[in-house]
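In: I'd like to go over a predicted model; first the sequence, then the structure.
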Amino acid sequence: MPVLYESPEFNSIKVDDQVPVRERTYGKGNGNGIADAGEHIMLYSSHHRLRLYTADKWVIREEEQATDEVIPAKWPDGFTLSSVVKISPDCPDGHVIEFYASFETKTFNPIERKTTWGKVNLVIQNKTSTKKY
C-alpha cells in the first residue's frame, strides 16, 4: 500500500475506453476517449500507462485489473504494472474521481528505475453526455 501525500496533478491525461492511446486498447467502453459511467478505463499521462489508487465509492474495486509491460530500455529487465478500473454504471454525471497514480521509467547509463507520482482528477460523464474531458 503506497503512502499517499500531496503530489502534483498529472497533465496530458488520455482515457483508453476502447480507443487506442498507444499500440492497443485495454479499456472497454464506447471508444470516445471520455470517461463514461459503466466503462472499464485505463489512464495515461502522455504515453505512460498509470497505476491507479482511489477509495472513491464509484470505482468498483473488485473489477480492477492489473496489466504489466516491460519498461523500455536497452535491456528488458523489468516490468511495471498499470490499472484498468471499472467506473460504476450508477456514477453521477460530472462526478470527479481523485486518483493517486504512478508510472515507472528506467535509464541505461546509469541503470536507474524511477517512479513518478501524481494525481488525476477525472470527470465522469454519462454515456449520453456530449461534453469532452
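Out: Nice, thanks for sending it over.
In: what ranges of the chain fall below the confidence cut-off?
Out: 1-5, 72-77, 108-110, 127-133 (pLDDT under 70).
In: contacting residues around the nearest residue to residue 47 once chain neighbours are set aside?
Out: Using Cβ to Cβ, 6 or more residues apart in numbering and skipping residues adjacent in sequence, the residue nearest residue 47 is residue 22, 6.2 Å away. For every residue, glycine as well, the C-beta is placed using N, CA and C. Going by Cβ atoms under 8 Å, 6 or more residues apart in numbering, residue 22 touches 44, 47, 49.
In: tell me the bridge partners for the most centrally placed residue in the chain.
Out: Taking Cα atoms, centre = their mean, the centroid of the chain lies closest to residue 43, which sits 2.6 Å from it. When bridges are called by DSSP bridges, residue 43 pairs up with residue 15.
In: I'd guessed it sits against residue 50; true?
Out: Yes - counting by Cβ atoms under 8 Å, residue 43 sits close enough to residue 50 to count as a contact (4.7 Å).
In: which residues are in contact with both of the two?
Out: 83, 99, 101, 120.
In: now the end-to-end length of stretch 48-56.
Out: 23 Å (Cα to Cα, to the nearest Å).
In: buried sites along that stretch?
Out: 48, 49, 50, 51, 52, 53, 54, 56 (16 or more other Cβ atoms under 10 Å).
In: let's see which of these end up in strands.
Out: Among those, the members found in strands (DSSP state E) are 48, 49, 51, 52, 53.
In: and the two most separated of these?
Out: The widest separation within those, taken as Cβ to Cβ, falls between 48 and 53 and amounts to 15.5 Å.
In: one step back: just put the contacts of residue 22 in CSV and tack on distance to residue 91.
Out: As requested, the contacts of residue 22 are exported to CSV (distance: Cβ to Cβ, whole Å):
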residue, distance to residue 91
44, 21
47, 27
49, 22
